[in-house]
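# need a structure here:
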Amino acid sequence: MRQIDFMSLRFYAYVVSALLVLLSFLSLYWKGLNLGLDFTGGTVIEVRYSPKIDIGKVREAIQKAGLSSVQVQDTASGTVLVKLKLGESREVALQVLKKLGNAEIVSMQTIGGVISDELRKKAIWSLLVAIGGIMLYLGYRFEPVWAFSGVVALAHDVLVVVGAYSLTQREISLDVVASFLIVAGYSMSDTVVVFDRIRESLRVRKATDLKQVINLSINQTLSRTLMTSLTVLVVAIALFLLGGPALSNIMFAFVIGIAVGTLSSIFVASALMLDIKSKLFKAGFQKT
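Residues are numbered from 1 along each chain as shown. Predicted coordinates for the structure are as follows:
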């Protein structure tokens, strides 16, 4: 079986990663994030139609009325949820909803600025706690240098995904933040698999150059990585294309995150660990 010299390509990968991160920062600076109702405040209207109406017609009617910052989704109980961001007229929305058929307003709730600020803080803290927990886990299981490389790769993946949402101006809700955390966990899982194989190879091949060991380990786990990533990616793409606006917005994070995370476990985490070990720790590689 042919062995691919991944580590010889790492500097090209660094350039690509740096461009993606730079593009994400520029997009966040110039365009910002399209925060959803959970973070900006607004109104949630729950409607029940008799007979049941196609949700696509509700969404189309809302858009024709000039309400752009609106989410429309159905529930398991058969009702329709209409989420209006702060600044959108709920009177106009109510008029449109009542014109579509026999509509019963089940509930209408307003999310104020105080609640939105609290949700925003909790979302940020959840991301920070998750990254901190992953760093502690990697520091315990591997060396601190490995943990640092893994967390840099993790931050790289999350930043690129957030940048993609900023660039496309897709709405960010609590569900999307949850998808960020899932993508981070998936990416780190892939990195840990590669790190585990590198560690095992180092114990067996103590006299082998670190670069060769990393290349060998990545090649040994490559089939597993590709099969797992492609399987999840195909499902994510299918849901992204066919899942409707609400689900599509969430699955966008999976499509971008899985692709970027698979590459970062090879060309960011492993490559960065190699360069730090080679250039900053001349004494050699200490096994854990």
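# can you pull out the strands in this structure?
34-35, 42-49, 70-74, 80-85, 103-111, 171-172 (DSSP state E).
# And for the last one, what's in contact with it?
Contact partners of strand 171-172, identified using Cβ atoms under 8 Å, 6 or more residues apart in numbering, comprise Leu33, Asn34, Leu35, Gly36, Phe39, Ser69, Gln71, Tyr165, Asn249. (Glycine included, C-beta is placed from N, CA and C.)
# Stretch 177-192 too?
Contacts for stretch 177-192 (Cβ under 8 Å, 6+ apart): 123, 126-127, 130-131, 134, 138, 141, 150, 153-154, 157-158, 161-162, 225, 228-229, 232, 250-251, 253-254, 257-258, 260-262, 264-265, 269-270.
# List the buried residues for that stretch?
Neighbour counts over stretch 177-192 (16 or more other Cβ atoms under 10 Å) mark Val177, Ser179, Phe180, Leu181, Val183, Ala184, Tyr186, Ser187, Met188, Asp190, Thr191, Val192 as buried.
# Looking at those residues, spot the one nearest Tyr49.
Ser179 (29.6 Å; Cβ to Cβ).
# on that earlier part again, dump the strands of the chain to TSV, plus distance to Ala18 and mean pLDDT.
Shown next, in TSV, are the strands of the chain (distance: least, Cβ to Cβ, whole Å; pLDDT from 0 to 100):
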stretch	distance to Ala18	mean pLDDT
strand 34-35	25	84
strand 42-49	37	85
strand 70-74	35	79
strand 80-85	34	82
strand 103-111	39	81
strand 171-172	24	85
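# could the ones you listed go into CSV alongside distance to Gly56 and mean neighbour count?
Shown next, in CSV, are those (distance: least, Cβ to Cβ, whole Å; neighbours: other Cβ atoms under 10 Å):
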stretch, distance to Gly56, mean neighbour count
strand 34-35, 22, 17
strand 42-49, 13, 20
strand 70-74, 9, 20
strand 80-85, 11, 22
strand 103-111, 16, 14
strand 171-172, 18, 23
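# Kindly reformat these as a markdown table containing distance to Leu94.
Listed next are these as a markdown table, based on distance: least, Cβ to Cβ, whole Å:
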| stretch | distance to Leu94 |
| --- | --- |
| strand 34-35 | 24 |
| strand 42-49 | 7 |
| strand 70-74 | 12 |
| strand 80-85 | 9 |
| strand 103-111 | 7 |
| strand 171-172 | 22 |
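# And those: which comes nearest Phe11?
strand 171-172 (33.3 Å).
# what's the offset of the closest one from the middle of its chain?
Its chain's C-alpha centre and that of strand 171-172 lie 12 Å apart, by Cα atoms, centre = their mean, to the nearest Å.
# The chain should start at 434 in everything you say after this.
Sounds good: first residue 434 from here, last item strand 604-605.
# and it, which strands flank it?
Strand 604-605 has its sheet partners listed here by DSSP bridges as strand 467-468 (parallel).
# what separates Glu604 from Arg574, distance-wise?
According to Cβ to Cβ, to the nearest Å, Glu604 and Arg574 sit 37 Å apart.
# Okay, now the unreliable bits of the stretch 534-683 of the chain?
Per-residue confidence for the stretch 534-683 of the chain (pLDDT under 70) gives these ranges: 545-549, 640.
# 80 instead, please
Applying pLDDT under 80 to the stretch 534-683 of the chain flags residues 543-553, 556, 560, 563-564, 567-568, 571-576, 638-641, 676-679.
# which residue ranges form the helices in it?
Applying DSSP state H, counting those that start in this stretch to the stretch 534-683 of the chain gives helices spanning 546-574, 577-601, 607-637, 643-675, 677-697.
# residue closest to the middle of this structure?
In the chain, the C-alpha closest to the average C-alpha coordinate belongs to Phe613, at a distance of 3.2 Å (Cα atoms, centre = their mean).
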